[in-house]
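> The following comprises the amino acid sequence and a computationally predicted model.
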Amino acid sequence: MYCFSLGPISLRLSSSSLVLVGAWYTIFATSSVWSGALIRLPKWVFILLLLAPFLMAVIHGRIPHLRRTPEGELYGGFHLPLNMLPGREYGPPETEWLNMGYWENTTIFPEACEALALRVASMACVHSGHVLEVGFGCGDSLLLQLRHPSIPRPVTITGITSLPSHFHRAKQRIEQADLKEKIPTRLFLGDAVFREGTNPSSLTAEQEATVSIMESHPLRYPGNETLYFDSILGVDCAYHFKTRNLFLRQCYDRLTPGSGRLALADMCFEPTSSTPLTYLSKIIAFILRVPSANLIGRRAYRESLEKIGFDEIVIEDISSSVYSGFTAFLRTRGIMWVLFANIITIWHKGGGKFVLVSARRS
C-alpha cells in the first residue's frame, strides 16, 4: 500500500492500482499514437478518460475525503482544511463549514459558505419563531441562527443530521459557544426523512445547558401534532434525501399552517443537448449519492411543490454564483481537489443547476 500526501489530502493506492494509474497517464503523456487519436476524440470522451482513474478510486474508496467512514458516512472531516483562512494554515480552523458556497464578492471558502446560509435564511424570512435546520453539518449553520446579527433569534431551534460525527461535533460546539442568549436547541440523529418503524440512534448524553437530544423525529406526522415550525431550512443537502419529494411532503405537514416557510439551497438537473455529458452527469450523481428520483428540473420541482400544497413558490438559479467560484477555489488546493473541481464542472455543464427554493405552506 502506498500513501501520497497532496496538500491536505492523502491518496492511498495498492501497488497494482499504482501501476494501473501510472501506466494510464504514461500512455497519454508519451504515446504519439494515442495523442493523435485523442485529437480526434470528442471532448467529453477525452475528459472521461482522464478522470477514469479518479472515478475508479472514488468507487473503490481509495480517496479519503470521498470515502465512507466506518459508521457509513460519506462525509467525514475532509472539509476542515478548506476552512483554513489565508495566512492561518496552522492549527484548527475557526469554522467547519461544508457547502459549495455563494461566491459573490469573495474568494474565501468560509465567507462563501456563510453567505449561502444567509441567503437561505433570507429566503425563509426567518423571524422569532421555531426553526428546523436539516443537514446542519458540524454546526456552523446552527450557530449562525444563534448569534449572527442579521438573523433574529429563534424561540427554539431544532436540527437533524444523519451523520454521527457531525451530530456530536455540532452539539459540542454549541455547548461551548459563547452565546449572549441561551436558545433552547434540540438535535436529532437520524435520516432527514421520517419512516414509520425507525428509531433514532442510541445515544447517551449529558443534560447540558441548552442542547438536548430528541427521541422523536421532528418531521414525524402524525405523532407531533403540537410541534409546528415557522421555518424549515436546508443548505446544500436536500438532493441527497431519499426521496426529496417525500421530505417536502413531510415539511409541509410540520410547517405552521398559513405562514410556515420552507427554504433550501438545492440542486436541479436539466440535461443539456449533449447526450454524453448528460450520461456523465448521471454517473457523477450516482457516485455522489444523489437518488435518480431527485434529478428533476426547475419546472418539475415547482410542480411538485404546488401538488403538495405550497404557494408563494420561488426557485432562483444561482449556478453562476456557486459553481465557478467553488471550482476556482478548489483548484488552488492541490491536485486531488483539481480533479474534484473537474467533476463539479462536468456536472454543471451536463445540466446541474444550483438553486434557492422558497415556498410557504398555504
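That came through fine. Residues are numbered from 1 along each chain as shown.

> isn't A177 right up against Q145?
No: with contact defined as Cβ atoms under 8 Å, A177 does not reach Q145; the gap is 11.6 Å. Placement of C-beta: from N, CA and C, glycine included.

> Between the two, which is the more surrounded one?
A count of neighbours by other Cβ atoms under 10 Å puts Q145 above the other of A177 and Q145, at 23 against 14.

> Phi, psi for that one please.
When read as degrees, to the nearest 10, the backbone of Q145 gives phi -70, psi -30.

> Please apply the same query to the one 4 residues further on.
Dihedral angles phi and psi of P149 (degrees, to the nearest 10) take the values phi -60, psi -20.

> Likewise for G129?
phi -150, psi -160.

> Could you pull out the buried residues of stretch 228-244?
For stretch 228-244, the neighbour count (16 or more other Cβ atoms under 10 Å) marks 228-241, 244 as buried.

> Likewise for stretch 257-273?
Buried residues in stretch 257-273 (16+ other Cβ under 10 Å): G260, R261, L262, A263, L264, A265, D266, M267, C268, F269, E270, P271.

> Also stretch 80-87?
L80, P81, L82, N83, M84.

> and the last one, what does it touch?
So that's M84. P93 (Cβ atoms under 8 Å, 6 or more residues apart in numbering).

> quick one: the strands in the chain?
2-6, 9-13, 130-134, 156-161, 185-189, 211-213, 231-235, 261-269, 310-317, 352-361 (DSSP state E).

> ok, F136 touching T158?
No: at 9.7 Å, F136 does not count as touching T158 under the criterion of Cβ under 8 Å.

> quick one, which of those two is more surrounded?
F136 (30 against 24).

> and the gap between S362 and K307?
12 Å (Cβ to Cβ, to the nearest Å).

> Show me which of the two is the more surrounded one.
S362 (15 against 11).

> Let me see the contact set for that one.
S362 neighbours (Cβ under 8 Å, 6+ apart): P257, G258, G309, F310, D311.

> if we go to 7 Å?
Going by Cβ atoms under 7 Å, 6 or more residues apart in numbering, S362 touches G309, F310, D311.

> most neighbours, which of these?
Going by other Cβ under 10 Å, F310 tops these with 23 neighbours.
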